[in-house]
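**Student:** could you work out the structure for the sequence below:
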Amino acid sequence: MRALLLTLLMAFSTVVAAQDNPVVVMETNKGTITIELWADKAPISVENFLRYTDNSFFDGLIFHRVIPGFMVQGGGFSPDMVQKSTYDPIENEARADVPNNRGTLAMARTNIINSATSQFFINHADNGFLNHTNDSQQGFGYAVFGEVIEGMDVVDEIAGVGTGSVSGYSDVPLEAIVINSIKRAE
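**Tutor:** So this is what the prediction gives:
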């Protein structure tokens with residue numbers, strides 16, 4: 001009986017934690033993507049993303065790197081491929097138990113583990129090679145901090161656009177995929 005009560009209590013606390021996770025609505029010129037942010041699993045990344053969201057930082061930026069069957073990346077460049085200034089980098093919260101599966105939202109970074117700022121990507125496929133496996137530079141992985149809960153068809157549409165090289169960057173959509181806004185859901 002005590003074990004059952006403990007199990008029920010743990011299950012209830014998980015449901016309560018998930019209910020406290022913020023939801024954001026991303027309006028793009030291809031449609032709407034609704035994302036649950038996992039504050040219970042990646043609080044630093046979520047706080048960082050919401051800081052940019054609340055300051056309208058993402059409004060008017062583009063998905064500047066699109067690779068079908070891999071991911072769509074945005075949050076850093078204007079339509080004319082000028083990189084926007086950001087806040088300081090954050091700590092990488094990659095965890096083995098929070099994998100880069102299709103539809104999850106993760107922090108983009110350089111080869112430096114703790115270099116993520118404003119750029120994020122939505123996994124277009126299960127990308128196990130991006131998961132945290134150890135604390136080395138090669139094994140640290142990319143921090144997942146949310147998941148698309150509506151609008152994966154929009155992500156699929158974005159992933160299907162034609163891409164090429166623009167201003168020295170590869171895999172850039174030839175037709176601008178604009179993030180009109182990201183706002184907290186009401």
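
**Student:** my guess is Asn101 contacts Asp126, does it?
**Tutor:** Yes - using Cβ atoms under 8 Å, Asn101 is in contact with Asp126, at 5.0 Å. (Glycine included, C-beta is placed from N, CA and C.)

**Student:** quick check, central residue of this protein?
**Tutor:** Leu105 (2.8 Å; Cα atoms, centre = their mean).

**Student:** give the contact list for it.
**Tutor:** Leu105 is in contact with 35, 37, 120-123, 144-148, counting by Cβ atoms under 8 Å, 6 or more residues apart in numbering.

**Student:** restricted to buried residues, select the residues you listed in PyMOL.
**Tutor:** Buried members of the contacts of Leu105 can be picked out in PyMOL with the line below, counting by 16 or more other Cβ atoms under 10 Å:
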select buried, resi 35+37+120+121+122+123+144+145+146+147+148
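
**Student:** export the contacts of Leu105 to TSV and tack on pLDDT and distance to Gly162?
**Tutor:** What follows is those, written out as TSV (pLDDT from 0 to 100; distance: Cβ to Cβ, whole Å):
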residue	pLDDT	distance to Gly162
Ile35	98	25
Leu37	98	31
Phe120	98	22
Phe121	98	19
Ile122	99	19
Asn123	98	21
Val144	98	28
Phe145	98	29
Gly146	98	28
Glu147	98	27
Val148	98	23
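
**Student:** filter the contacts of Leu105 down to the ones in helices?
**Tutor:** Filtering those for membership in helices, criterion DSSP state H, returns an empty set.

**Student:** in the chain, which helix or strand is least confident?
**Tutor:** Of all the helices and strands that make up the chain, the one with the lowest confidence by mean pLDDT, DSSP states H and E is helix 2-19; it has a mean of 46.
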